[in-house]
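K.L.:
kindly generate the corresponding structure for this input.
(4 chains)
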Amino acid sequence: MGTKTTVMSVQEKREYYLKKVYMVLPVISLSLLLLLWINVSKSSAFPSPKDTWDRLIMLFQKPIKGLNIFGHVWASLVRIFIALAFNWTFGIAFGILIGWNKTCKALFTPLFNAFRAVPPLAWIPLITLWLGTGEFPKILIVIFGSIASIVVNTQAGMSNVEKLYLDVGTIFNASASQKLFQIAIPSALDAIFAGIRTSTSAAWMVVLAAEMLGAKSGVGFLITRGMDSIDMPLVLMSMIAIGIVGALLAIITQFAERLLCPWTKKSN
Amino acid sequence: MEQDLDLKTISNEERVKLIQAQRKKEQYKSSMLSIAGVLGFIIFWQVIAISGLIESKYLSTPIQIVSLFITKLTNPNPDGAVIGVNIISSLTIALSGFGLAIIIGIPLGLFMGWYRGFDSFIRPIFEIIRPIPPVSWIPLTIVWLGIGLKAKALIVFFAAFVPCLINSYAGIRSTSEVLINVAKTCGASNFTIFRKIGIPSSMVLTFAGIKVAIGNAWATLVAAEMLASSSGLGYMILMGRQFGRVDLVILGIVVIGVIGTLISILIGMLENKVLGWRKL
Amino acid sequence: MSMDKKIKLKLENISHSFVVNNEVQDAVSDVSIDVYDNEFLVILGPGRCGKSVLLNIIGGLEKPISGNLYLDGEKLQGSDKRISMVFQKLALMPWKTVMGNVEFGPQLAGVDKETRRKTAQKYIDLVGLTGFEKAYPNQLSGGMKQRVGIARAYANNPEILLMDEPFGQLDAQTRYAMEEEIQRIWQTEKRTIIFVTNNIEEAVYLGDRIILLSECPATVKQIYDVNLPRPRDTIHPEFLRIRKEVSENTDLAL
Amino acid sequence: MSEVKQEYKVEVKNLTKYFGDLHVLDDISFNIKKGEFVCVVGPTGCGKTTFLNLLTRIYMPTKGDLYIDGMPADPKKHNLAFVFQEPSSIPWLTVEQNLRFGLEIKKIDKEEINERVNNIISLLGLEKFKKLYPHQLSVSMAQRIIIGRAFAMNPDLLLMDEPYGQMDVKLRFYLEDEVINLWEKLGSTVVFITHNIEEAVYLAERILILTNKPATIKEEVIVDLPRPRDIASEKFINIRKHVTEQIKWW
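P.N.:
Numbers count the residues shown, from 1 in each chain, chains lettered A, B, ... in the order given. Modelled structure (predicted):
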């Protein structure tokens, strides 16, 4: 943008400087947040930034159960990757089935909606009752917790494929299977990716709850460990780690979507 | 289907009746299928439970669940509260947290979406808090507020607040530029445009946000009750697990699922009333 | 109607109606049209009613309640490879590039990659989109998107090209340019074109003949022969006279 | 500012507009008498819409200004009405509520609003459409309601940006006659932008021809033909040919 402020009228100059103010505001709000954090931690049991940082360093020196912060994050990530791998294959296939085929839709949707109505974390007691608190039950909990969104999105994508595209298929004499694979599924990809994004964030949330209720590794375990031994800096540090990893996962899935289906990128 | 018959001969009225009959047959067929699906599942569940394939301490039959529900209506053991009390305590927490999220989240999202200064000030703080899942806030809130109503309501508030804000923000940002200009040329002030054009056009997405919010609120409530509480459906399930009462655990799951569905149906009806004009 | 021309497509007493919330609504009632070979035929009709339904029937997207279709004398059942269509709402596959869209017909028919790429490239150049093969539809302007639609229809090597108000969505300026463009393409790649529109000026500018349809249900009201030299001058008194005659005869559909 | 008797409703003085370093409008000056129907024609992308947006204060001019009745134009003080090219009916309001929208913002008292809205409804014959929503109407009907809404404001200045771009000939003639009828009855000052020269010659008392970007006024053409004008008449076609020569964007 040229700095030819001379050419601008009064109103345009005001607009130009206002933009500059809007750039500064975020810096102010972040520093206020930091100040708030510091004096809150002075006056209460809330851990201060320094304590949290020291706790992080200490965790590197004295890992818990042989794992430092990266080890625990990795343990949680492994669990969700396995669960998501299952969800994305079976979930999408099931979603396509009940979205495209009328009889399956009528047969399975009510059942699936009943399953979906139950919050994911409510399954934890039942699964731990059945399978104890080993690795497999935790992965199963994460599967239960994140399969709903991928199936719902895929079904929505498949059942409202634009009639117009199918007409194009008819005009070009596409066979039924060509219509399914060449037209219906590609046009549902947007919805499927939305499902992938929501199922990833759902999986990340559920794995924490599963670990909080019984685990020997993972970020959720760190939080319960901190809670049991009233080690607040550990709790806060793990929460920050969860936040960062959560944000990274969201960015990665968005990046993957832009890579795999470049046409969804909004033209400028 | 309709075209295969020779339509030249029959008159229009017969044709309409034919189509109606066909449509009714199809509706009948699909509802039969749905019922068959659900019934099939229940019978399958009953057969497995009775046949001893899975011991009764792992799976109880649907009939046991229903009879337990009836006894639980009056008998408080083992978790020390009648099922009605549990439902009410869960609902009060969920709805108070959810209500708070709407009162704070939606206006904040609308203002952030409309006034750029407000947006650039609040947005960074919101973007930091947003990725932290509400479940991980539980330990800190317990330390602060104990395990009473306030702590759980705060956790539920967190889970419902984020979708309300995001959707109302996206809703008001999608207001069409043309409508804003129409109001501008009529001499409307920025706040009048916000009120008369911005808010109505954000309604569609805001309602989508409300539906997500109630789903999150209900889901996080269960987690909060499991980790720290003395009443509520989540607590009941936990007690079920402690006492090895698998029927109580399953009953808790079924009741939570049913109430969750009822709430979202209610919100769907409210949406039809407010956005009814779109369906005409 | 000069009889020396060969009849390419024959519509014989086509009638069609829909059942909408429990009452029968007639869309097309007893329409018979002869379409000559390599002719630019325009079907003109007011507002929203029978004309698109008629086109869908020819394209095989809709099965008429009564009446028959003959292509080169032989009866037509449903959609036929020799007929392809350009849609008003473009109907481009957003997940395919321009090349992917244009080669869609041959690709479905199982033509090998090498030959279908060549035919697709020929028609991409014909409609003036050379260099945009890799672009995605959401990166193109309205006019360019419709060119892809036209190229896609041609690439399927049809004998008859159906066009359902193809320029209805474009702004006026692009519309004039596209009218000239389709005329140029038709003159270079001779095919029979059946062009549906509600715009009288566009009809008189493009059509060898104009089939004027009445309001819903569509019936053939009048057939006009437009023998003006091409490209036609829209200010020419003869052009204005035909336009005046046609517009007086059309029903006003507010 | 202008001591001369106030017979000019609208005065535009050396209007210039820059978007950053993109020079869109270059020193445009002209005057419009009260109740005059002026058409503005010009090549696509010459900045016609920006020009209109400046008149309604959606954008602010970089240099020069626009005066209505001698005072700088201000949407809050003056009655400005703008018919946009894109559909601009408010989807969640019924036809009648759409017509009342502008008047309610201007906080005009109830009876006056009812009287004006009913007048417009009878003029346009919209009695049976009152309770419908815009998405239930055809494109042409929705556009007529937007034009009705603009006229209902009894605007000091009514601006129209190619309102009939999409309509076909027969419909356009009907709507053009209708807008002339409303203009004659309500006596508003109208600035009508179009790329269709036949429409400009059919409607305007005066045509302003803009050059390519940065746009300035190339020529003013007076059209003093009796109404309703015959588009095939000798004089009509000559004016139309002359204006087309001036633009020559084809």
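
K.L.:
contacts, neighbours, all on C-alpha from now
P.N.:
Fine.

K.L.:
gap between the host helix or strand of A:Ile82 and the chain center?
P.N.:
Element membership of A:Ile82, judged by DSSP states H and E, is helix A:69-86. Centre-to-centre, helix A:69-86 and its host chain are 13 Å apart (C-alpha atoms, centre = their mean, to the nearest Å).

K.L.:
same question, stretch C:216-228
P.N.:
Per C-alpha atoms, centre = their mean, the centroid offset for stretch C:216-228 relative to its chain is 15 Å.

K.L.:
distance between the ends of it?
P.N.:
30 Å (C-alpha to C-alpha, to the nearest Å).

K.L.:
quick check: buried residues in stretch A:171-191?
P.N.:
Of all the residues in stretch A:171-191, those buried under the rule 16 or more other C-alpha atoms under 10 Å in any protein chain shown are A:171-174, A:179-180, A:182-191.

K.L.:
how about the stretch 101-250 of chain A: which residue is closest to chain D?
P.N.:
A:Glu162 (20.0 Å; C-alpha to the nearest C-alpha).

K.L.:
now do the contacts for the residue of the stretch 51-200 of chain B found nearest chain D.
P.N.:
In the stretch 51-200 of chain B, the residue that lies nearest chain D is B:Gly187 (4.1 Å; C-alpha to the nearest C-alpha). For B:Gly187, the contact set (C-alpha atoms under 8 Å, 6 or more residues apart in numbering or on different chains) comprises D:74-77, D:105-106.

K.L.:
that older thread, what about chain C: which of the buried residues of stretch A:171-191 touch it?
P.N.:
A:171-174, A:186-187 (C-alpha under 8 Å from any C-alpha of the partner chain).

K.L.:
and the residues you listed as JSON lines, adding pLDDT, secondary structure and distance to B:Glu127?
P.N.:
Formatted as JSON lines, those follow (pLDDT from 0 to 100; DSSP: H, G, I helix; E, B strand; the rest coil; distance: C-alpha to C-alpha, whole Å):
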{"residue": "A:Ile171", "pLDDT": "89", "secondary structure": "helix", "distance to B:Glu127": "48"}
{"residue": "A:Phe172", "pLDDT": "89", "secondary structure": "coil", "distance to B:Glu127": "48"}
{"residue": "A:Asn173", "pLDDT": "87", "secondary structure": "coil", "distance to B:Glu127": "50"}
{"residue": "A:Ala174", "pLDDT": "89", "secondary structure": "coil", "distance to B:Glu127": "47"}
{"residue": "A:Pro186", "pLDDT": "89", "secondary structure": "helix", "distance to B:Glu127": "32"}
{"residue": "A:Ser187", "pLDDT": "88", "secondary structure": "helix", "distance to B:Glu127": "31"}
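
K.L.:
with respect to D:Gly64, which of these is nearest?
P.N.:
Each of these was checked against D:Gly64 using C-alpha to C-alpha; the closest is A:Ser187, at 51.7 Å.

K.L.:
any idea how far A:Trp100 is from the closest one?
P.N.:
Relative to A:Trp100, and taking C-alpha to C-alpha, A:Ser187 is found at 13 Å.

K.L.:
and for C:Leu90?
P.N.:
Applying C-alpha to C-alpha to C:Leu90 and A:Trp100 gives a distance of 24 Å.

K.L.:
what's the burial count for the residue of chain D found nearest chain C?
P.N.:
For chain D and chain C, the shortest gap (C-alpha to the nearest C-alpha) falls at D:Asp168, measuring 4.6 Å. Burial of D:Asp168 is recorded as 18 neighbouring residues (other C-alpha atoms under 10 Å in any protein chain shown).

K.L.:
same deal with D:Phe84?
P.N.:
23.

K.L.:
mind pulling up the pLDDT for it?
P.N.:
We have a pLDDT of 86 for D:Phe84.

K.L.:
contacts only, for it.
P.N.:
Per C-alpha under 8 Å, 6+ apart, neighbours of D:Phe84: B:178, D:160-163.

K.L.:
element containing residue 98?
P.N.:
Unless you meant another one, I'm taking chain A. According to DSSP H and E, A:Ile98 maps onto helix A:92-100.

K.L.:
other chain: chain B
P.N.:
helix B:83-114.

K.L.:
and after that helix, which helix or strand comes next?
P.N.:
On the C-terminal side of helix B:83-114, the nearest following helix or strand under DSSP H and E is helix B:116-129.

K.L.:
now the element after that following helix, going C-ward?
P.N.:
Next along from helix B:116-129, by DSSP H and E: helix B:138-145.

K.L.:
wasn't C:Lys134 part of a strand?
P.N.:
No: C:Lys134 is assigned coil when assessed by DSSP: H, G, I helix; E, B strand; the rest coil, not a strand.

K.L.:
leaving out the residues flanking it, which one is nearest to it?
P.N.:
Using C-alpha to C-alpha, 6 or more residues apart in numbering or on different chains and skipping residues adjacent in sequence, the residue nearest C:Lys134 is C:Thr97, 5.4 Å away.

K.L.:
okay, domains of chain A per the record?
P.N.:
A:1-39, A:54-264 (automatic domain parsing).

K.L.:
now, of these, which is deepest in the fold?
P.N.:
Comparing the domains of chain A on average neighbours per residue, with mean count of other C-alpha atoms under 10 Å in any protein chain shown, the densest one is domain A:54-264 at a mean of 20.

K.L.:
what's the neighbour count on C:Asn21?
P.N.:
Neighbours of C:Asn21 using other C-alpha under 10 Å come to 9.
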